[in-house]
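Peer 1: Kindly return the folded structure for what I paste below:
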Amino acid sequence: MIPPTPSTPISSNRGPQTPYELLAKKGNDTANAGDVEPDAMREAFGDFVGQTLFGSMLSTMRDSVGKAAYFDGGRAEEVFQQQLDQQLVEEISDASADSFVDPMFDLFQLQRRG
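Peer 2: Modelled structure (predicted):
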């Protein structure tokens, strides 16, 4: 029998705390943060906003809804829930980049310059 693995919500996993940490995770040098390409920074910023905003929203949503009586996936659903949530967060953040991420990135760039 396979021992159960503990399931942890997205909010308990420590993800990157800044877009610069995301850039470092992708292999870009963050020593000179001012020299980072705008496209790479925009992509890292989009990933950061998506993981932060939509990850916490999805985690809170899952905590507020009880298990369905007939459509519960059992232990398999619990094991793979975090991976599904990660995929959903990536898809949602890609789909909504124009409305959420772009204005936030523009404000971030203004704050960085000023």
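Peer 1: If you tally nearby residues, what's the number for residue 56?
Peer 2: Summarising burial for residue 56: neighbours were counted as other CB atoms under 10 Å, giving 14. Yep, even glycine has a C-beta here, placed from its N, CA and C like the rest.
Peer 1: Report the separation between it and residue 40.
Peer 2: For residue 56, the distance to residue 40 under the criterion CB to CB, to the nearest Å works out to 25 Å.
Peer 1: how about residue 80, secondary structure?
Peer 2: Following DSSP: H, G, I helix; E, B strand; the rest coil, we place residue 80 in the helix state.
Peer 1: Roughly how far does it sit from residue 69?
Peer 2: Noted for residue 80: a distance of 21 Å to residue 69, by CB to CB.
Peer 1: swap in residue 79?
Peer 2: From residue 79 across to residue 69, the span is 20 Å (CB to CB).
Peer 1: Of the two, give the one with the bigger neighbour count.
Peer 2: residue 79 (15 against 6).
Peer 1: before we move on, what SS does residue 67 have?
Peer 2: The three-state label given to residue 67 by three-state DSSP is coil.
Peer 1: Now the phi/psi pair for it, please.
Peer 2: The main-chain torsion angles of residue 67 are listed as degrees, to the nearest 10 and equal phi -70, psi 140.
Peer 1: Could you number the chain from 95 rather than 1 from now on?
Peer 2: Happy to do that; since the first residue is 95 now, the last one works out to residue 161.
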